[in-house]
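Peer 1: Using only what follows, build the 3D model:
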Amino acid sequence: MPSSTKKTRAQWITPKRAPYIFIAPAVLLLIVFTIYPVLQSFILSFQQVKGITKTFVGLSNYTRLLHDPIFYKSLLNTFQILIVQVPVMLFFALLIAVGLHSSLVKAKSFFRIAYFMPAITALVAASIVFMILLDENFGLVNYLLNLLGIESIRWLSSPFWAKVSIIALMTWRWTGYNMVIFLAGLQNIPKELYEAASMDGATRVKQFFLITIPQLKPVFIFTVVMSTIGTLQLFDEPFILTGGGPNNATMTITLYLYQTGFKYFDFGYASAIAYALVVIIAVISWIQMKLVGDFEE
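Peer 2: Predicted structure coming up:
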């Protein structure tokens with residue numbers, strides 16, 4: 001290679017420019033696959049799409065949201081699942097984490113892996129297994145209930161029990177994931193605090209509520225906020241188990257968004273639903289942070 005070419009390259013790749021050159025591919029991918037789609041979707045929410053024709057309609061899509069009963073129904077369904085599923089899941093996650101953190105439990109590695117396995121199990125496979133277990137006529141769950149003298153339950157065809165089935169699947173899948181987060185928080189609590197409390201005569205119950213719970217405050221904030229966001233974006237479980245039925249009883253916001261965009265090809269209205277969901281998630285996350293407190297407190 002000519003010396004002049006090496007000299008030119010050396011002059012162009014300076015220590016100040018090198019970091020920007022290295023991160024340029026990642027920034028380019030971020031712009032193409034994240035920033036551009038987000039901006040394009042926002043613009044699309046003010047348009048009506050028919051085939052390849054896009055027409056600017058202003059706030060019509062957002063006004064339509066305010067008079068859409070299915071949107072309100074999906075919003076109600078999502079919050080019903082959220083209010084029940086998140087507290088139950090986090091309660092079991094904390095309970096299991098405390099148990100596995102105890103010195104009384106043996107084979108901790110085995111149980112940690114066992115409880116975490118559902119989180120890395122393919123959701124489609126897990127949902128199919130639940131569909132087989134909860135089948136009204138031939139499912140194992142109803143078979144066991146019949147042995148106990150209890151009538152079969154319409155797990156996937158009853159509005160109430162369909163929600164229960166989705167909550168059960170979500171709790172089974174994500175309890176172990178949150179358990180690992182709680183366990184990491186428990187392992188970071190100084191043992192000296194428990195030793196000092198024991199010397200002062202504090203029981204295990206008092207230690208749990210006066211030491212463990214306050215020390216896990218940042219972990220609680222993280223798990224509550226992330227679980228809330230995940231539930232508000234709930235799609236896979238109702239899509240696979242019930243398809244949003246029966247009679248829209250398990251229709252969630254993201255499932256309604258999907259059907260609007262990819263079933264009815266109303267992409268402008270689907271984009272409006274997406275941004276309404278973004279606002280809802282942002283407001284709820286902000287409220288949670290204010291109610292529970294900041295990490296620095």
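Peer 1: Show me where this structure dips below the pLDDT cut-off.
Peer 2: For the chain, residues meeting the criterion pLDDT under 70 lie at 1-11, 292-297.
Peer 1: List the buried residues for the top helix by length along it?
Peer 2: Among the segments of the chain that qualify as a helix by DSSP state H, the longest is helix 69-101. Buried residues in helix 69-101, counted by 16 or more other CB atoms under 10 Å: 71, 73-75, 77-79, 81-82, 84-86, 89-90, 92-94, 96-98, 100-101. For the C-beta atoms, the positions are set from N, CA and C on the backbone; glycine is no exception.
Peer 1: cool, and stretch 216-228?
Peer 2: So stretch 216-228, judged by 16+ other CB under 10 Å, has buried residues Leu216, Pro218, Val219, Phe220, Ile221, Thr223, Val224, Val225, Met226, Ser227, Thr228.
Peer 1: Select from those residues every entry located in helices.
Peer 2: Those of the buried residues of stretch 216-228 lying in helices (DSSP H): Pro218, Val219, Phe220, Ile221, Thr223, Val224, Val225, Met226, Ser227, Thr228.
Peer 1: now, among those, which is nearest to Asn178?
Peer 2: Among those, Thr223 lies closest to Asn178 (CB to CB), at 5.2 Å.
Peer 1: what's the residue nearest to that closest one when sequence neighbours are not counted in contact with, if anything?
Peer 2: Nearest in space to Thr223, with sequence neighbours left out and distances taken as CB to CB, 6 or more residues apart in numbering, is Asn178 at 5.2 Å. Counting by CB atoms under 8 Å, 6 or more residues apart in numbering, Asn178 touches Met89, Leu90, Ala93, Thr223, Ser227.
Peer 1: let's see 10 Å
Peer 2: By CB atoms under 10 Å, 6 or more residues apart in numbering, Asn178 lies in contact with 86, 89-90, 92-94, 96-97, 119, 219, 222-224, 226-227.
Peer 1: Now do the SS call for it.
Peer 2: helix (DSSP: H, G, I helix; E, B strand; the rest coil).
Peer 1: so how far is Leu140 from it?
Peer 2: For Asn178, the distance to Leu140 (CB to CB, to the nearest Å) stands at 27 Å.
Peer 1: again, but for Gln215
Peer 2: Taken as CB to CB, the span from Gln215 to Leu140 is 41 Å.
Peer 1: which one of these two has more residues nearby?
Peer 2: Gln215 (15 against 11; other CB atoms under 10 Å).
Peer 1: Would you mind listing the residues in contact with that one?
Peer 2: Residues in contact with Gln215 (CB under 10 Å, 6+ apart) are Gly185, Leu186, Asn188, Ile189, Pro190, Leu193.
Peer 1: Next: Tyr20.
Peer 2: Counting by CB under 10 Å, 6+ apart, Tyr20 touches Val27.
Peer 1: what's the distance between it and Leu29?
Peer 2: On the measure of CB to CB, Tyr20 and Leu29 end up 15 Å apart.
Peer 1: Please, which helix or strand holds the one residue sitting closest to the centre of the chain?
Peer 2: By CA atoms, centre = their mean, the mean C-alpha position of the chain lies nearest to Gly230, the distance being 1.7 Å. Applying DSSP states H and E as the criterion places Gly230 in helix 217-232.
Peer 1: which other helices and strands contact that helix?
Peer 2: helix 69-101, helix 159-187, helix 267-292 (3 or more CB pairs under 10 Å, 6 or more residues apart in numbering; DSSP states H and E).
Peer 1: What residues of the last one count as buried?
Peer 2: Counting neighbours by 16+ other CB under 10 Å, one finds that the buried residues in helix 267-292 are 267-277, 281, 284-285.
Peer 1: same check, this time on stretch 179-197
Peer 2: For stretch 179-197, by 16+ other CB under 10 Å, it's Met179, Val180, Ile181, Phe182, Leu183, Gly185, Leu186, Tyr194, Ala197.
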